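J.: how would this look folded up:
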Amino acid sequence: MRGEIMACFILSTYEDESFAKLQTLRQGRSQFVDVYASDFYMLSSRVVLSESEAQRVSRFRLGLTKRIQDEMILFFPQSLSEIVEMARRVEAKLKPSGNPSFTVPVSYSDPDTDFYSANSWGQTSKDC
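T.: Coordinates of the predicted model:
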C-alpha cells in the first residue's frame with residue numbers, strides 16, 4: 001500500500017537521488033554527530049535497502065570524521081543506536097575544553113641579570 005501511494009505522488013527519481021545522497025553522506029568537519037545521525041536516519045528511511053544491521057553500522061562509521069573513526073577503532077558496536085551513542089561520547093571527549101592543555105610560556109628577564117658580552121663573556125649588568 002505504501003509503495004503504491006509513493007508511486008502515485010513521488011517522482012520516479014526520488015529513491016535514486018536519496019540513495020545517491022546516502023552513499024555520499026559524510027559528517028562535515030564542523031558538523032555534530034547528532035546532525036549527521038539525523039541525516040543518516042532520514043535518508044535511510046527514504047531508501048528501501050536490504051542491508052543487515054552490521055552493514056548499516058559500517059556505513060554509518062565510514063561517514064564519520066577521521067578523528068572519530070580513529071578513536072572508535074577498538075569498538076565493535078552491534079547496532080546503529082550503539083554506534084551513534086559511542087560517536088556522541090567520542091565527540092564530547094574530543095571537544096576542546098575552555099582551558100587549553102598547552103599554554104605558551106611567558107618569558108621574563110630581570111634587567112639586573114641580563115648578560116652582556118661587550119666587556120667579557122658571561123658578565124652581568126649588575127657586575128658593571
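J.: please list the outside residues in contact with stretch 70-88.
T.: 33-34, 37, 53-54, 56-57, 60-61, 64, 68, 90, 93-94 (Cβ atoms under 8 Å, 6 or more residues apart in numbering). Every residue, glycine included, has its C-beta placed from N, CA and C.
J.: and stretch 14-25, by the same measure?
T.: Residues outside stretch 14-25 that contact it (Cβ under 8 Å, 6+ apart): 6, 36, 39-40, 43-44, 46-48, 59, 63.
J.: which of those are buried, as a PyMOL select command?
T.: In PyMOL, this line selects whichever of the contacts of stretch 14-25 come out buried by 16 or more other Cβ atoms under 10 Å:
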select buried, resi 36+39+40+43+44+46+47+59+63
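J.: got the contacts of stretch 14-25 as JSON lines, with secondary structure columns?
T.: Listed next are the contacts of stretch 14-25 as JSON lines, based on DSSP: H, G, I helix; E, B strand; the rest coil:
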{"residue": "6", "secondary structure": "helix"}
{"residue": "36", "secondary structure": "helix"}
{"residue": "39", "secondary structure": "helix"}
{"residue": "40", "secondary structure": "helix"}
{"residue": "43", "secondary structure": "helix"}
{"residue": "44", "secondary structure": "helix"}
{"residue": "46", "secondary structure": "helix"}
{"residue": "47", "secondary structure": "coil"}
{"residue": "48", "secondary structure": "coil"}
{"residue": "59", "secondary structure": "helix"}
{"residue": "63", "secondary structure": "helix"}
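J.: and the contacts of stretch 14-25 as a markdown table, adding pLDDT?
T.: Output for the contacts of stretch 14-25, formatted as a markdown table (pLDDT from 0 to 100):
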| residue | pLDDT |
| --- | --- |
| 6 | 63 |
| 36 | 97 |
| 39 | 96 |
| 40 | 96 |
| 43 | 94 |
| 44 | 93 |
| 46 | 89 |
| 47 | 88 |
| 48 | 84 |
| 59 | 96 |
| 63 | 97 |
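J.: reformat the contacts of stretch 14-25 as a markdown table; add distance to residue 19.
T.: Listed next are the contacts of stretch 14-25 as a markdown table, based on distance: Cβ to Cβ, whole Å:
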| residue | distance to residue 19 |
| --- | --- |
| 6 | 14 |
| 36 | 18 |
| 39 | 14 |
| 40 | 13 |
| 43 | 8 |
| 44 | 10 |
| 46 | 8 |
| 47 | 5 |
| 48 | 9 |
| 59 | 12 |
| 63 | 14 |
